[in-house]
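pasting the sequence and the predicted model now:
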Amino acid sequence: MRANILLIDYEHRSVDRVRRALAETEHPLEIAGDLQKAVEICAHFEPRLVIITAELPGVSVDDAITQLRARAGLRATPFLIVMAGYHGTGSEDDAARLGAQDILPRPYSSEALVEKVERLVRLEVGGPAGQAIPPETLDALRRSVAGGGASLTSHDLFGDILSDVEGEEPEKGAPPAGAPPAPTPPAAAPKSSKRGVDEALAEALGAAAAKAPVPRKPSSAERDVDKMLSETLAGLDIQLAGAKAARRPRPEAPAAPASPPPAAPAPPPELGPMPELVEPFGEPRPAPPEAAEPVPPPAGSRFGQYVLEERVAKGGMAEVFRARMIGVEGFQKTVAIKRILADMAGNDEFVTMFIDEAKLAAQLKHPNIVDIYDLGKIDRSFYIAMEYVEGHDLRDVLARCRTAGVTVPVPLALHCAAQLASALDHAHNTRDFSNRDLGLVHRDV
């Protein structure tokens, strides 16, 4: 029995693992990296089963399933959730509370994936599959799969990579070594047989549309990371939120005192020695005015369609600003503007490197890599408009930890390392628009 399967995942390693596992089956497989792409695929490809990762950026898996059922017409399509750190014993009951039919714990064996796929493609899903999920049951499930607030183990974070390197697949159905005992699944919420699929979807989507746009509520795992970070930064004179906006400006050098005018112009010496090289060591001489650093543009300066608000970084070849993009009908968006310094604008070699950086980075789509919005040129200065991310500079945090004698907790260090490794893996495996290997290497890592 051939059955169309849609995989929604942005990680190349995870996608390749599913593709290899299903290679021996006859099921056609389509892959989408985000919800919008999945909706576009469903316009010409009717999936009999959807495999979706629980770690989609910017949206919870239950919200993603609800949106897909409404926008792509998948109200009777089974969903299989691939979830890291899941140790429950009732995967089907837990999946039902998320609007899906089953959960596959990560890491998994190829046999376990194929077994669930073959069962679900033959499953007839009724109306309750598309109904709204009660909030209390969702909160109970999130607490269950998060292990009651406990941190993910190293096996949860790196299990797939270890199994690939060692060439061994975990025993089907066996929990990883050292995993916490499986929590008792929460009691199932009573199902309503009176409300139909259309009514439930209309109510859920109508309530979401009526609310003002607010940031997504962090999951329990994210709250654990924030808590560890807050405890680590305690006493380092760093606040958790708005680090860039609250960054202290560097103290400016005192202005050089004005020297009294000479009584009469002195004739130049014949040998012309530099006075500062021959005078005895003593108090430092005032810096010459011609060596002063160019003053950054004042806040509110216009730069094309952008308003520069604050310079947040400056290097030897470029500077970065927090800025607002101004569009039609009052549209505004906070972005980061990286532009070449005026004295480097004539360096053809650097300008070429700058342009190549923007063109390559624009092809990367990952939650731990900033998005590139635009590459342009205003007057003689090339610039890159990119996503502006509020947060801390990890190098500065580590430096302050060393100064204060604070040790970064192992779970927090593992979390940071896992996020960095995930972004690097994406960059190393990305292909260009012609499906050719980009061959990217991050030379600063």
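Thanks, I have it. This is a predicted model, so every value here is computed, not measured.

where's R339 relative to A100, distance?
According to C-beta to C-beta, to the nearest Å, R339 stands 46 Å off from A100. The C-beta positions use only the backbone N, C-alpha and C, and glycine is treated the same way.

err, A421, not the other one
A421 is 28 Å from A100, by C-beta to C-beta.

can you check L56 too?
13 Å.

and for K37?
19 Å.

those two: which is more packed in?
Taking neighbours as other C-beta atoms under 10 Å, K37 and A100 compare with A100 leading, 26 against 15.

grab the nearest non-local neighbour of the more buried one.
F79 (3.8 Å; C-beta to C-beta, 6 or more residues apart in numbering).

what is the burial count for that neighbour?
Neighbours around F79, by other C-beta under 10 Å: 27.

shaky segments in the protein?
Where the chain drops to pLDDT under 70, the residues are 124-226, 229-295.

let me see the ranges of the strands in it.
5-8, 29-32, 49-53, 79-84, 102-106, 301-303, 306-314, 318-326, 332-340, 372-378, 381-387 (DSSP state E).

got the angle for the fifth one vs strand 49-53?
Here strand 102-106 runs at 40 degrees with respect to strand 49-53, directions being taken by axes from the mean of the first three to the mean of the last three C-alpha atoms, to 10 degrees.

which residues touch strand 102-106?
The contact list for strand 102-106 (C-beta atoms under 8 Å, 6 or more residues apart in numbering) reads 78, 80-88, 91-92, 94-95, 112-113, 116, 119-120, 156, 159-160, 175.

each with direction, which strands does that strand pair with?
Sheet pairing of strand 102-106 (DSSP bridges) gives strand 79-84 (parallel).

and for the first one?
Based on DSSP bridges, the strands next to strand 5-8 in the sheet, each with its direction, are strand 29-32 (parallel), strand 49-53 (parallel).

domain parsing of this structure, as residue ranges.
Domain ranges of the chain: 5-213, 301-387, per automatic domain parsing.

give me the longest helix you can find in the chain.
helix 410-429 (DSSP state H).

quick one: list the elements packing against it.
Counting contacts by 3 or more C-beta pairs under 8 Å, 6 or more residues apart in numbering; DSSP states H and E, helix 410-429 is packed against helix 12-21, helix 154-166, helix 220-233.

K227 versus the spatially closest residue to C416 that is not a sequence neighbour, what's the distance?
Once flanking residues are discounted, C416 sits nearest to L394: 6.9 Å by C-beta to C-beta, 6+ apart. Look at L394 and K227: by C-beta to C-beta, they are 18 Å apart.

next one: A399
Separation of A399 from K227 (C-beta to C-beta): 22 Å.

V406 too?
V406 sits 15 Å away from K227, going by C-beta to C-beta.

can you check D425 too?
On the measure of C-beta to C-beta, D425 and K227 end up 27 Å apart.

and the helices in the protein?
Secondary structure of the chain, counting by DSSP H: helices at 12-21, 35-42, 61-71, 91-96, 110-120, 135-145, 154-166, 197-210, 220-233, 275-278, 348-361, 394-404, 410-429.

just checking, what packs against the fourth one?
Applying 3+ C-beta pairs under 8 Å, 6+ apart, we find helix 91-96 packed against strand 79-84, strand 102-106, helix 135-145.

pull the CA atoms of the second one into PDB?
The C-alpha trace of strand 102-106 is given here as PDB (Å, rounded to 0.1, in the frame of the first residue of the first chain):
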ATOM      1  CA  ASP A 102       1.100   8.800  18.300                       C
ATOM      2  CA  ILE A 103       4.500  10.000  19.600                       C
ATOM      3  CA  LEU A 104       7.900   8.500  18.600                       C
ATOM      4  CA  PRO A 105      10.600   9.200  21.200                       C
ATOM      5  CA  ARG A 106      13.900  10.500  20.000                       C
END
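
give the buried residues for that strand.
By neighbour count on 16 or more other C-beta atoms under 10 Å, the buried set for strand 102-106 is D102, I103, L104, P105, R106.

what's across from the last one in the sheet?
The one in question is R106. Residues in a beta bridge with R106, per DSSP bridges, are A84.

end-to-end on stretch 323-331?
End-to-end span of stretch 323-331 (C-alpha to C-alpha, to the nearest Å): 14 Å.

quickly list what the closest residue to P296 other than its chain neighbours is bridged to.
The shortest distance from P296 to any non-neighbouring residue, by C-beta to C-beta, 6+ apart, is to R311 (4.4 Å). For R311, the beta-bridge partners are F321 (DSSP bridges).

repeat for I8
Following DSSP bridges, I8 is listed with bridge partners A32, I52.

okay but it is in contact with A54, surely?
No: with contact defined as C-beta atoms under 8 Å, I8 does not reach A54; the gap is 10.5 Å.

and these two? Which one has more around it.
Remark: of I8 and A54, I8 carries more neighbours, 26 against 21, as counted by other C-beta under 10 Å.

ok, that one to I384 distance?
29 Å.

repeat for E40
Taking C-beta to C-beta, one finds E40 at 27 Å from I384.

neighbour-wise, which of these two wins?
When E40 and I384 are compared for neighbours, I384 comes out ahead with 25 against 12, by other C-beta under 10 Å.

show me what contacts the more buried one?
By C-beta under 8 Å, 6+ apart, I384 lies in contact with I337, K338, R339, F354, E357, A358, A361, I372, D374, L375.

rerun at 7 Å
Neighbouring residues of I384 by C-beta atoms under 7 Å, 6 or more residues apart in numbering: K338, A358, I372, L375.

I figured the third one hits A362, correct?
This means I372. Yes: under the criterion of C-beta atoms under 7 Å, I372 makes contact with A362 at 4.1 Å.

more neighbours, the two?
Ranked by neighbour count (other C-beta under 10 Å), I372 and A362 place I372 first, with 20 against 15.

how far away is that one from R443?
Remark: distance between I372 and R443 (C-beta to C-beta) = 19 Å.

same question for L414.
Taken as C-beta to C-beta, the span from L414 to R443 is 25 Å.

repeat for Q332
Distance, Q332 to R443, by C-beta to C-beta: 35 Å.
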